[in-house]
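**Q** Everything below, folded, please.
(chains A, B, C and D)
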Amino acid sequence: MRYSALSILKQAFAGNLGWKPAWREPEPKSHYDVIIVGGGGHGLATAYYLAKEFGIRNVAVIEKGYLGSGNVGRNTTIVRSNYMLPGNEPFYEFSLKLWEGLEQALNYNVMLSQRGIISLYHNDGQRDHYTRRGNAMMMEGVAAEQLDRETLKKMLPFLNFDHARFPIIGGLLQKRAGTARHDAVAWGFARGADRLGVDLIQNCEVTGIRRENGVVIGVETTKGFIGCNRLGLAAAGNSSRVGAMAGLKLPLESHVLQAFVTEGLKPCIDHVITYGAGHFYISQSDKGGLVFGAEIDGYSSYAQRGNLATAEHVMEEGVTMIPGLSRVRVLRSWGGVMDMSMDGSPIIDKTPIDNLYLNCGWCYGGFKATPASGFCFAHLIAKGESHHVARALRLDRFERGFPIDEAGAGTQPNLH
Amino acid sequence: MAYDYQAVHALDGMIGAIAERRANHLSVHRTMAIAMVLAGPGQTAEAAGILVSNGEFEARFSGPGEWLVLSQVHAPETLAAELSVRLGGFAFVVDQSHGRVVLTLSGPDAARILANGIAVDLHADAFPVGRAANVLCNHLSLNLVRTGDQSFDLVVMRSFAGALVDDLKVMARSHDLSVDFATR
Amino acid sequence: MASLISCPHCGTRPKEEFFIRGDANPVRPAPMATDEAWNDYVHLRVNPRGRIREHWQHVAGCRRWLVVERDNFTHEVFAVTDAAKAGEGAR
Amino acid sequence: MSAFRLASGGLVDRSHTLRFTFDGASLTGHAGDTLASALLANDRLLLGRSFKYHRPRGIMTAGPSEPNGLVTVGSGARRDPNTKATVAELYDGLEARSQNRWPSLAYDIGAVNNLMSRFLSAGFYYKTFMWPAAFWEKVYEPLIRRAAGLGRTDLPRDPDAYEKSWAHCDLLVVGAGPAGLAAALVAARSGLRVILAEQDFVLGGALLSETAPVGGEPPYVFARRVVEELQNSPNVTLMPRTTVFGWYDDNVFGALERVQKDVAALDAAKPVERLWRIVAKHAILATGAEERPLVFGGNDRPGIMTASAVSTYANRFGVAAGKSVAIFTNGSSGYRTAQDLAARGVEIAVLIDSRAASGDVAPDGVRLVRGGSIVDTKGRQRVRAVVADRGGFEELIGCDAVAMSGGWSPVIHLACQRGGKPVWSEALQAFMAPEAGPALVTAGAAAGHYRLSECFDDGARKASAIVEAIGRQAVGIERPVIGEETDPSFTALWHVPGAKSKAFVDFQNDVHTGDLGLAVREGFGHVEHAKRYTTGGMATDQGKLGNINAIGILAGMRGVSPAEVGTTTFRPFYTPVSFGALAGTSVDGHAMPIRRSPLHGWAARNGAVFIDAGLWYRSSWFPKAGEKTWRESVDREVRTVRENAGLCDVSTLGKIEVFGPDAAEFLSRLYCNPVLKLPVGKARYGLMLREDGMVYDDGTVSRLGEDHFFVTTTTALAGGVLSHMEFAAQVLWPDLRVRFLSVSDQWAQMSIAGPKARAILQAVVEDDISNAAFPFLAARAVRLKGNLKARLFRISFSGELAYELAVPAGYGEAVADALMRAGAPHGICAYGVETLNVLRLEKGHVTHAELDGRVTPDDAGLGRMMGTSKPDFIGKRLSARFGLTAADRAQLVGLKVLEPEKDIRAGAHLLKDGAKPSTLNDQGWVSSACFSPTLGGHIALAFLKSGRERYGEKIVVWDQLRGVETFAEVCDPVFVDRENTKLMA
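**A** Below you'll find the model as predicted:
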């Protein structure tokens, strides 16, 4: 059923008893044209775009838990396209453009809020870096603004201008960046895909990848064997484990990133703000909670929970950036499993195995990429070649020597 | 032109001239002969044997085959040479008399103050007199040794000394601490 | 783990004292090994869920590189060994 | 005596009156009150408005699970929004305010949402606000944001201090109720190091509100005696006002101590809150059990509370919840509350038991309705009546408070924070803690043992087991004789059928049974989906009261058992913790340590302006009188160095001493350039790669002896390079006989650069440093006049005749002063990193502005340094990859501005003349730029595609971020003295 103000009105007078399920709960068919492993944001978006843009509707998304149970439901909801390197920037800008039409396309309010992201910098070297980044954005036609200290003082008077260990000297603003409601993204794509005929199969774990003559022909699951012509993996933090089922060894390590939310407050922070002297970032959700995080815990982990020392360090950075956070109380912390790649950038590519396609390496930045990741992965699966904005996101770029290393940190995943 | 170089302490101008010692006191040593001893590969036992405290040196554990050696007997200018002679081919010796600052924290709350920055269990049963360790104190590392029930030596990199003293003052916020140079 | 590591040289210490490098299993190939071997060493990781070996350095303590054997799902630590010793075992 | 304060009883000190205000009204309470008990005593029932519908809400509990009684405490910069009145200790001068209402608590405009509620069903916002597209952000979202949220802050700087501390123990006991006290007592007498943490300001837990005599005395007296013994045990640390909020790996617990949240005038010497990291060998969770609300129509009206809260207010605080209390229960707990109220002379309007039959007996004279329920309530800002239903027969029963008891849930939050899933107990109709290993056990009510005697026994038994596990002899305790006990049995009742109005499940977030029904209908029946779709359990109480009922209701709707529905994930923090406490003292200037150079005092005396460089303060430039801008100073310093000489502090460079018979081989494998044949007494520029072939760091390598080297690193990567070397030595090549040590802090190091450098230095150095005796790249120990040992290196970053002189750190200032004196006749100046940057840029030397981790030696014009004939060095193999050797890689070039009135800044990009700006057309970027006083114009270093083939090309320097475009000529990156004549002079 179509959602609208009218449908809400009509249903309200019917006691809200007439709402239909947002998606079906089908039993798996024996064979699909395409199977996507992973019912998170990227997997659901891929299925949606396969059906919507590339006319492939005989598609199943297989999810071991509930839809959206991975990182799409446990991130800090930031949407932006302020990248520096030519391998990344066009892709993320393509994504942001998709975001901007997503609510209408999906008939689902994902609450995109283009409130702007401000990346603070604290010394001349960082200013130069952000200048390079801002100019790279503008080369791609993406608006960026440099804010000096005085402008920042007016815009964000609560920042620590007087006592910070590392002084705030300016910031880079992308106005079109912002936040979106994370669960709604998963649900919107799920509902959209379902309406186009995609089977969303929850509580079904892939236990093996079946090959015949080296070619992938389907997956073994807890609900039995399901055949397919093409198989796409969008398993985020579990990519290495799923890849191993096909004998792949990937340039990934899984790490835990913590995120936090405070008690609900009346509006007090109107932008997304990132701290350049550390990794802290913060925004305020529409419900009033301040949503924030910083760096990964640093060790390999599949546990979806972090440790106190990292949490403390996050708060140290937070209060140093915004002293007035001190009396705000933190309600909850949680952790997501990040598929950290060797250069900090993602992979959307074919694999050396026929019919097997790979979407992984999103590190802690996968949420903003959701629409473009889905679109480009669908493009690759449908047409057998990369979408032009995703051409650099190759699996073999490491051995060929074309890393996309925004942080300049090299092949140590926990430094990206 | 006269070349009579006066050494400047890392904390000159930052501490000193207190009216009276408080219940807890942080005493900063002006000069101290300090050297790092690195045992040669496979020669840890030999070097350790030579370094056994004989009153002239105090060797504090820093890492396997590595000791921070302090001496009240030898001068900063001569300690490293003296150790080199004694250790011969068993170890490499590096003068650190200017690279480190030695502080003594003493008083009834000494362990409690340190617990505000150091994660190691400082209960006397767990960290007895004579125990030495490199530890993290808030965001900087130092060599800690218990010198008595209520006293600890802290040896810190020179460039961090000011930050450590600042931190210790904050750590001792509720514990009545005075800070001064040692009068030795 | 993740909160405390028992350094074989220094005793039990908080995570903050350590720097973590990653998977301790890859062994640096011989200089003339194949390109594949080098790519594998520098870029590819098994990244299993469960028992792993990881390189941690006790930077704020003895500065030794350690091999921490742990479960990356339960965060249980099985053993912490000096990397030089662990290497001897492997050779 | 205030309206609802009972004439006697309770643990409050009636002789000690405390004044406080609520929404500006002056009120009084007593020492020992919570804010909630004092407000109740004053008939202040209405405390705030709910989140979504802005319904009036009052206090519902007497503890940390409170969903409704949230107020803002304090004023100005000391304002604490969302403070739970039920745990806030009353103090003289406390100021409290209600929240989420406008213009006032009693008349709240937002309450219109309540009338609109049928349109505001769960998830309604996902289905609308999409048209027109621009309206979401301009109109709808601001409205939603303003309506949402509870407390208010404008983020003022916090005047108070916080502290963090570590504590270690054999046994941590969480909760000082009967089980916790018994456990602590056993462990204490057995000689364990014990920490007993309790969130309340009085230790005793349930004993404080129990009435059954313990050991023949009131239970609180017994508790006091135990606490006294513990207090006098040197091996026990009592932590009242301390909430253990998190259980982390390796049995590390996070706990929050409220040090000064109970006073109006703070002691500045103390923190306001303290964060404890408790490292516990063992822990016992004696966290008690939570009473569940009942889900019936109109169950959220002010005056409706849990039955145990009504008992606690009566017994512990001497406050009646109402003058006529209706009780609604599904088990024996309601009867106990009836007894408590009856004993204190409070009228009981009715006792309604949802069970048709039970052995429980109501107090004499109390009307008991068995098999009945409440289906609706009446009243506006306080409940005035309940609509009772029995077999379809409805009756309006007047009352001014309702005590509800829906059974009990053990508080197992901490035990589930590390991934263990709670286990459903059919017998107890509750989720129990999972098996958590030997280091953490639950005891007492938290383990499902609800009777007082069981709590004592369980706490003592579990502590004894731990004592023995540690290898000590357990000293037992004798359980006191306990009077009449009640066993809180109940029959689960997840929601009351036939509700006549909204029946709330999550009170703060206004989630009612209809919302859960809608979630299930729309396919959001998974417990996580239901939570996320309805927001049930996402409020500040994190579903402590409501989640269990939501699970029961979902189970009913889906036709499965609660075990199958399962719980959402328990995560820190048990109750919210302030940013301030978690950050502790590591904020502002203490966020990271400050490092000071040994020449800091010298630089300060010479008027330096300091700048942050990593953790260091470095001298940036040295303004002289009359110089108005930094450029004036820097231009002068540059000219002075090029014409005379200058002295610059370079002490912050990383310095590492390397020893051993294999030291040369080791360094040869670390650096990409040859090192093996470096002669003793010589220095060499060194370039380190990462294994992926990109440049990691650069510096110098000096050979001081056959087996003794001294290497320097950049300031930024001093620590990183040391770790990298340690990895190489300990992990990659443990067989190499090499040892090394960072000596960064031992040496003050200064650069003396300029044509007059030698003359100046020779005045201070004893040794002969003539060009013949001490040629370019000489490196060795020297003796200064005045008999000071030093090290001298003839290396140059500026392109001038230059030396770096290292002296023991303490002598740095004195030697710098001597050099300045010796240099005065030669016109020496002090210079800082800004000038250093201009000098090196003119000479085409790279820094981390160029070496940004994505650059190969060849990109930086250093390809010839690579020792390709060496069998191995870090980065050798992957340097040969196709992408790293591609011809169109960006290469280091120089740029000269062609329009003199324009400048170039780092971060600009490069375009071919006439090309349209696009990512595809992007030719490169500017890495460093400056005004060159030597050349009299703006110059830059840049990375340009195939740049070395393009010298002479006119290129567009595109800085759209600043709105500047300018033409520049591509040139060799070395702008001055390409023949190195000055260097060698």
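**Q** Not counting its own residues, what contacts stretch B:75-95?
**A** When contacts are defined by C-beta atoms under 8 Å, 6 or more residues apart in numbering or on different chains, stretch B:75-95 is touched by residues B:31-40, B:43, B:46-47, B:50-51, B:57, B:69, B:71, B:74, B:97-98, D:657, D:659-660, D:739, D:741, D:743, D:746, D:808. C-betas here are computed from N, CA, C, even on glycine.
**Q** I'd say D:V186 and D:R472 touch.
**A** No. If you go by C-beta atoms under 8 Å, D:V186 and D:R472 don't touch, sitting 11.1 Å apart.
**Q** Counting neighbours, go ahead and name the busier of those two.
**A** D:V186 (26 against 14; other C-beta atoms under 10 Å in any protein chain shown).
**Q** Apart from its chain neighbours, what residue comes closest to that one?
**A** Spatially, and ignoring its direct neighbours in sequence, D:V186 is nearest to D:A463 (3.8 Å; C-beta to C-beta, 6 or more residues apart in numbering or on different chains).
**Q** now D:K902: how far from D:R962?
**A** 11 Å (C-beta to C-beta, to the nearest Å).
**Q** list the contacts for the residue of the stretch 1-150 of chain A at minimum distance from chain D?
**A** Closest residue of the stretch 1-150 of chain A to chain D, C-beta to the nearest C-beta: A:T131 (2.5 Å). Contact partners of A:T131, counting by C-beta under 8 Å, 6+ apart, are A:146, D:905-908, D:959, D:961-962.
**Q** where exactly do the strands run in chain B?
**A** With strands called from DSSP state E, chain B shows them at B:24-28, B:33-39, B:58-63, B:66-71, B:91-95, B:100-106, B:132-137, B:140-148, B:151-157, B:177-181.
**Q** Now render those as JSON lines, adding mean pLDDT and mean neighbour count.
**A** Compiled in JSON lines, the strands of chain B are given as follows (pLDDT from 0 to 100; neighbours: other C-beta atoms under 10 Å in any protein chain shown):
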{"stretch": "strand B:24-28", "mean pLDDT": "97", "mean neighbour count": "22"}
{"stretch": "strand B:33-39", "mean pLDDT": "97", "mean neighbour count": "25"}
{"stretch": "strand B:58-63", "mean pLDDT": "94", "mean neighbour count": "20"}
{"stretch": "strand B:66-71", "mean pLDDT": "96", "mean neighbour count": "23"}
{"stretch": "strand B:91-95", "mean pLDDT": "97", "mean neighbour count": "23"}
{"stretch": "strand B:100-106", "mean pLDDT": "98", "mean neighbour count": "22"}
{"stretch": "strand B:132-137", "mean pLDDT": "97", "mean neighbour count": "23"}
{"stretch": "strand B:140-148", "mean pLDDT": "97", "mean neighbour count": "20"}
{"stretch": "strand B:151-157", "mean pLDDT": "98", "mean neighbour count": "22"}
{"stretch": "strand B:177-181", "mean pLDDT": "96", "mean neighbour count": "19"}
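**Q** Which of the three states applies to the residue most central in space within chain D?
**A** Nearest to the mean C-alpha position of chain D, counting by C-alpha atoms, centre = their mean, stands D:L582 at 5.6 Å. Secondary structure, DSSP: H, G, I helix; E, B strand; the rest coil: D:L582 is helix.
**Q** D:S702 contacts D:V680, doesn't it?
**A** No. If you go by C-beta under 8 Å, D:S702 and D:V680 don't touch, sitting 9.5 Å apart.
**Q** more neighbours, those two?
**A** Between D:S702 and D:V680, counted using other C-beta under 10 Å, D:S702 has the larger neighbour count: 25 against 14.
**Q** Mind listing the strands the helix or strand that contains the more buried one pairs with, and their directions?
**A** Assigned by DSSP states H and E, D:S702 belongs to strand D:695-705. Applying DSSP bridges, strand D:695-705 is found paired with strand D:682-689 (antiparallel), strand D:708-713 (antiparallel).
**Q** Can you say which of these is packed in most?
**A** Ranked by mean neighbour count, those are led by strand D:708-713 with a mean of 24 (mean count of other C-beta atoms under 10 Å in any protein chain shown).
**Q** Compute the distance from the centre of that strand to the centre of its chain.
**A** 39 Å (C-alpha atoms, centre = their mean, to the nearest Å).
**Q** Then stretch D:456-465?
**A** Using C-alpha atoms, centre = their mean, the offset of stretch D:456-465 from its chain centre is 36 Å.
**Q** Return the distance of the spatially closest residue to C:N72 that is not a sequence neighbour relative to A:P251.
**A** Leaving aside its chain neighbours, C:N72 sits nearest to A:S300 (4.5 Å; criterion: C-beta to C-beta, 6+ apart). To A:P251, A:S300 is 14 Å away according to C-beta to C-beta.
**Q** again, but for B:L87
**A** Counting by C-beta to C-beta, the gap from B:L87 to A:P251 is 47 Å.
**Q** Please give me every residue in contact with the residue nearest to C:N72.
**A** Counting by C-beta under 8 Å, 6+ apart, A:S300 has contacts A:253-255, C:22-23, C:47, C:52, C:54, C:72.
**Q** and if we set it to 10 Å?
**A** A:253-256, A:337, A:340, A:413-414, C:20, C:22-23, C:45, C:47-49, C:52-54, C:68, C:70, C:72-73 (C-beta atoms under 10 Å, 6 or more residues apart in numbering or on different chains).
**Q** ok, now B:G63?
**A** By C-beta under 10 Å, 6+ apart, the neighbours of B:G63 are B:36, B:38, B:134, C:7, C:9-10, C:58, C:61-64.
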